[in-house]
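In: for reference, the sequence and a predicted model appear below.
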Amino acid sequence: MAPAASPNSPEYIERDHASLALEVAGDKAASRGDQREALSCWAESLGTFTDRAKSADAARVAAKLAVTEESLGDTQNACAHYAQAADLYQLAGDKHRVPLCLNNLAMLRKLCGDLEEAAVLLGRALDEASRCHGSTHGETALIASNLGAVLCECGNLLGAEQRHMQALGIREQLFGPTHPEVGLSLGHLGVLHQMRGDHEGAGRFYTSALAILNEFPQLHEPERAIFRENLAGL
């Protein structure tokens, strides 16, 4: 029996170069709008990187696949590749990239109607973000806000309020009291209070949110329209 090839042998080095070349070809295809060609190149590149236990490289390519598949509406494959990217980033020790992969996976699961799985994934993502980025980081606030929205849909209004207040506190600390992200958090709290039947409290939150968001008409128009409609209906 012939001895196994060394990981540093010319054969394996050539495979690594070929995988990188495929990834670059996928990047070029994506830049010219040929997403299908990009997916084909990246999928082949991912297979070789995975076979070679190149976790960091494989994670990077899996994330590219997931983002592109999500943009094309291929939810099933996007979910699989976000999960794979999260696992590979963890394996590679690149843990600060894990939370957003889990967040994106969770939001796709939410769109599919699987709120319980989305809540579990966002809880994991929030724990990872707090460990990697700290308790006052924009990504931590984003994930806390998304978890609050999912918990609200699940009917867990107390948990939702805790997460929306967490996001609001982080955003106020990072950006100040008149930032559009602060306005979003205030609007989400308005929705929560309206669901509780506290129309007076909801009105205060909606009014505060719109006072901020109306200063940024180019941002968050769908959310602003919802907050306006909800306030008018109180």
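Out: Cool, the structure landed.

In: what ranges does the chain have for its strands?
Out: Assigned by DSSP state E, the strands in the chain number zero.

In: for this structure, which segments count as helices?
Out: Taking DSSP state H as the criterion, the chain contains helices spanning 10-31, 35-51, 55-71, 75-92, 98-111, 115-133, 138-154, 157-175, 180-196, 199-213, 221-233.

In: by mean pLDDT, point me to the weakest helix or strand of the chain.
Out: One helix or strand of the chain scores below all others by mean pLDDT, DSSP states H and E: helix 10-31, with a mean of 84.

In: what's near enough to touch residue 50?
Out: The neighbours of residue 50, taking CB atoms under 8 Å, 6 or more residues apart in numbering as the test, are residue 58. (C-beta placed from N, C-alpha, C; glycine too.)

In: switch to 10 Å and redo it
Out: Contact analysis of residue 50 by CB atoms under 10 Å, 6 or more residues apart in numbering lists 19, 57-59, 61-62, 84, 88.

In: what about the chain, any weak spots by pLDDT?
Out: 1-16 (pLDDT under 70).

In: pick out the residue closest to the middle of this structure.
Out: In the chain, the C-alpha nearest the mean C-alpha coordinate belongs to residue 104, at 3.1 Å (CA atoms, centre = their mean).

In: in this structure it contacts residue 79, no?
Out: Yes: counting by CB atoms under 10 Å, residue 104 touches residue 79, with 9.1 Å between them.

In: so for those two, which residues contact both of them?
Out: With contacts defined as CB under 10 Å, 6+ apart, the residues shared by residue 104 and residue 79 are 66, 70.

In: that older thread, please name the spatially closest residue to the residue nearest to the centre of the chain (chain neighbours excluded).
Out: Distances taken as CB to CB, 6 or more residues apart in numbering place residue 82 nearest to residue 104, at 5.2 Å, with adjacent residues excluded.

In: kindly report the same for residue 100.
Out: The nearest residue in space to residue 100 (CB to CB, 6+ apart) is residue 139, at 6.4 Å.

In: quick one: contacts for residue 188?
Out: Residue 188 makes contact with 145, 148-149, 152, 160-161, 163-165, 167-168, 205, 209, 223, 227 under the criterion CB under 10 Å, 6+ apart.
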